[in-house]
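In: Need coordinates for the below:
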Amino acid sequence: NWTQKHYLQKCSWDRGEKILQNIKTDVADDIAAHIDIFMAWMHVLSQERQAQWWKRLTERSVTLMDVVEGVVAVMNIAAYPAEILVWKKSTPETTIVILQKLQQFFKQMHDEDMNAATLEKKLLSWIADSEWGNGDVLWPLRVALSGREKSPPPFELSEMLGKEEVLRRIQYAMTLLQ
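Out: So this is what the prediction gives:
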């Protein structure tokens with residue numbers, strides 16, 4: 001695992017693209033389709049942005065399948081059980097209120113502020129001024145954006161998905177809880 005993780009983190013996007021292309025033949029058709037969508041999306045980005053996103057996908061990955069799961073998390077939101085949206089001691093009702101507030105937060109964000117660093121700063125400041133803790137807010141946001149309990153951080157997902165998709169996924173999460 002250490003060796004795999006080490007080489008994944010050293011792997012460039014050019015090499016990663018070839019690896020993903022080869023993996024497609026060994027995974028289910030729906031996962032292969034997500035890989036295709038991801039690779040098409042990456043091709044419209046600058047080389048610098050491609051390198052940044054590849055680094056983000058590989059920095060927490062141990063195996064190639066971890067990278068594939070990260071790709072699927074970013075490109076597709078599968079159906080997920082509503083109960084995983086609720087943070088530890090929170091309730092579905094409180095989570096709905098938090099998601100509504102997050103929706104308002106993102107509606108007010110300017111497109112130029114939809115980058116991970118700015119989002120993290122503004123969202124953590126917003127949380128500090130609220131009655132909730134980081135987990136109460138960031139957990140349902142992570143799940144709403146990825147459909148999973150394990151994913152890239154919600155700030156990075158928000159940047160990658162863009163404002164409209166973030167709002168759509170938050171709305172879907174609220175629908176699940178109602």
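In: Mind checking what helix or strand follows the longest helix along the chain in sequence?
Out: In the chain, taking DSSP state H as the definition, the longest helix is helix 92-108. For helix 92-108, the following helix or strand on the C-terminal side (DSSP states H and E) is helix 116-128.
In: how many degrees apart are that next one and helix 92-108 in direction?
Out: 130 degrees (axes from the mean of the first three to the mean of the last three Cα atoms, to 10 degrees).
In: Check which helices and strands helix 116-128 sits against.
Out: Helices and strands touching helix 116-128, by 3 or more Cβ pairs under 8 Å, 6 or more residues apart in numbering; DSSP states H and E, are helix 134-146, helix 154-161. C-beta here means a position set from N, CA and C on the backbone, and glycine is covered the same way.
In: I'd like the mean pLDDT over the longest one, please.
Out: Spelled out, it's helix 134-146. In this model, helix 134-146 carries a mean pLDDT of 94.
In: buried ones in the helix or strand of the chain with the lowest mean pLDDT?
Out: Taking mean pLDDT, DSSP states H and E as the measure, the helix or strand of the chain with the lowest value is helix 64-75, at a mean of 77. Judged by neighbour count (16 or more other Cβ atoms under 10 Å), helix 64-75 contains these buried residues: 64, 66-75.
In: what helices or strands is the longest helix of the chain leaning on?
Out: By 3+ Cβ pairs under 8 Å, 6+ apart, helix 92-108 packs against helix 134-146, helix 163-177.
In: Tell me which of those sits nearest to residue 40.
Out: Closest approach to residue 40 among the helices and strands packed on helix 92-108 (Cβ to Cβ): helix 163-177, 15.6 Å.
In: follow-up on the earlier one: highest mean neighbour count out of the helices and strands packed on helix 92-108?
Out: helix 134-146 (a mean of 22; mean count of other Cβ atoms under 10 Å).
In: what sits against the most centrally placed residue in the chain?
Out: What sits nearest the mean C-alpha location of the chain, by Cα atoms, centre = their mean, is residue 157, with 3.3 Å. Shown in contact with residue 157 (Cβ atoms under 8 Å, 6 or more residues apart in numbering): 73-74, 142, 145-146, 151, 166.
In: would TSV of those residues with distance to residue 5 be doable?
Out: Converted to TSV, those look like this (distance: Cβ to Cβ, whole Å):
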residue	distance to residue 5
73	18
74	20
142	22
145	24
146	21
151	18
166	29
